[in-house]
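Enquirer: Coordinates for the following, if possible.
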Amino acid sequence: MKNLSFVQTADGSKTIFNAEVGEHYHSKHGALQESNHVFLHSGLRYFLEMNDTKSANILEVGFGTGLNFLLSADYSSENNISINYTGIEAHPLPLEMISNTEYDQFLSEKIWMSFLENYPASFNKKVNLNAGCTFQIAEKKLMDFTTDARFNVIYFDAFAAIHQPEMWTNEALTHVCSFLKPGGVFVTYAITGNLKRSMRSLGFSIEKAPGAPGKREMLRAVKF
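Expert: Numbering: from 1, shown residues only. All right, here's what the predicted structure looks like:
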């Protein structure tokens, strides 16, 4: 973990810079704003409203600091929504680093404290955050991940293709999208011609949605 360091983003929230990869875990323009916009609002909330439902199974590629999960869990708790959350993360952060993100200022105290308490036990095992939320972290590379579960929403939050191209190949996208149910929603902060072509070839309808601060557009796709 010597290659990791905290960075304050433009909205005052922290992210982590990975010197080995050469990439930040979140947007420098605002970690909190990006997670809220791309994943919570454009992903989970979009799915819930589109389907008029109060439950969702979520798969995240790149659990990282846990910010996307924490915001989703906090929103779900406030709105009586049930979520089952699985995050794929080949290199989970140590609890001490997670604790020092200071994300507690953006969440309810109960969500934050329960997350810290249960984080170490969540590696490759489903744990209860609260009565309406379970989560687990699959400690493995994306292509090694397998499950019988199927998901309603995919948060694709891998490092950018310029730094981690293997995560954005047709093979990788085919693998992760095989776990998404028909009608499920795939969201990511990125949008490229190659990504759009790959998603269309996998049977998705593509939308160029407004991006988070610092990005004009992002991709949202719905599986036929």
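
Enquirer: Just the buried residues of the lengthiest strand in the chain, please?
Expert: Under DSSP state E, the strand in the chain containing the largest number of residues is strand 180-188. Within strand 180-188, the residues scored as buried using 16 or more other Cβ atoms under 10 Å are L180, G184, V185, F186, V187, T188. In this view, the C-beta of every residue, glycine as well, is placed from N, C-alpha and C.

Enquirer: got it, and stretch 128-135?
Expert: Under 16+ other Cβ under 10 Å, the buried positions of stretch 128-135 are L129, G132, C133, T134, F135.

Enquirer: Contacts for that stretch next, please.
Expert: When contacts are defined by Cβ atoms under 8 Å, 6 or more residues apart in numbering, stretch 128-135 is touched by residues 69, 73, 76-77, 80-87, 110-111, 114-115, 118, 122, 126-127.

Enquirer: Just to check, L202 is in contact with L173?
Expert: Yes - contact criterion Cβ atoms under 8 Å: L202 and L173 qualify, at 6.6 Å.

Enquirer: neighbour count winner among the two?
Expert: A direct count of neighbours by other Cβ atoms under 10 Å for L202 and L173 places L173 higher, at 24 against 18.

Enquirer: isn't there a helix covering the more buried one?
Expert: Yes - counting by DSSP: H, G, I helix; E, B strand; the rest coil, L173 is part of a helix.

Enquirer: which strands and helices sit next to the biggest helix by length in the chain?
Expert: Taking DSSP state H as the criterion, the chain has its longest helix at helix 67-78. Helix 67-78 sits against helix 31-34, strand 55-61, strand 82-88, helix 109-118, strand 127-130, strand 133-138, with contacts defined as 3 or more Cβ pairs under 8 Å, 6 or more residues apart in numbering; DSSP states H and E.
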